[in-house]
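Asker: Have a look at this prediction, sequence included:
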Amino acid sequence: MNAFAFIKTHPWAYPGLEVVHLIGIALLLGNLLLLEARAWGAGASIDLAALSALSLKLVLTGFGLAVLSGLLMFASQPLELIANRAFTIKMGLITLAGCNAAWFHGRGGFARLDGMGKSILLASGLIWIAVLACGRWIGYL
């Protein structure tokens with residue numbers, strides 16, 4: 001039995017992947033929102049450089065967990081997911097989030113936290129919340 005068949009047939013495989021996926025999303029979104037709050041002035045006594053160094057590592061770890069578990073879940077039912085409107089919107093939003101992150105870091109990241117930088121961060125949080133919402137809607141559409 002291959003891994004994808006195992007995911008489809010074992011009663012704990014898909015729910016286990018969903019748990020890993022949620023842990024990844026929690027690490028990603030939680031740390032992004034923490035960084036955004038700091039960038040917008042909350043916790044001004046916390047050193048932004050140190051916080052961003054730690055938080056961005058956790059963001060990337062969360063993203064990695066979400067991607068790996070998401071790919072395994074996708075591989076177990078690709079046709080159903082590709083036909084699901086919420087899934088396709090979610091994938092588009094993840095692409096947009098990646099472009100937004102590249103823009104933020106390409107223009108200097110936290111070293112250049114002007115109005116535009118803060119706006120890009122705000123957009124990032126909103127995009128990832130929309131990704132989360134679409135992910136929840138997949139099972140209902």
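Answerer: Great, that's in hand.

Asker: For residue 47, what are phi and psi?
Answerer: The phi and psi torsions at residue 47 (degrees, to the nearest 10) take the values phi -60, psi 120.

Asker: no, scratch that, I was asking about residue 108
Answerer: Summarising the backbone geometry of residue 108 under the convention degrees, to the nearest 10, its torsions are phi 120, psi -10.

Asker: end-to-end on stretch 36-45?
Answerer: Counting by Cα to Cα, to the nearest Å, you get 15 Å between the two ends of stretch 36-45.

Asker: gap between that stretch and the chain center?
Answerer: Relative to its chain's centre, stretch 36-45 lies at 21 Å (Cα atoms, centre = their mean, to the nearest Å).

Asker: try stretch 32-49
Answerer: 19 Å.

Asker: burial of residue 94, as a residue count?
Answerer: Neighbour count for residue 94, taken as other Cβ atoms under 10 Å: 20. For the C-beta atoms, the positions are set from N, CA and C on the backbone; glycine is no exception.

Asker: can you tell me the helix or strand for it?
Answerer: Taking DSSP states H and E as the definition, residue 94 sits inside helix 85-106.

Asker: what residue ranges in the protein score low on pLDDT?
Answerer: Across the chain, the stretches falling below the confidence threshold (pLDDT under 70) are 1, 3.

Asker: hmm, try it at 90
Answerer: When residues are selected by pLDDT under 90, those of the chain lie in 1-11, 139, 141.

Asker: any idea of the angle the longest helix seen in it forms with helix 85-106?
Answerer: Looking only at the chain and at elements set by DSSP state H, the helix with the highest residue count is helix 48-76. Angle of helix 48-76 versus helix 85-106, following axes from the mean of the first three to the mean of the last three Cα atoms, to 10 degrees, is 150 degrees.
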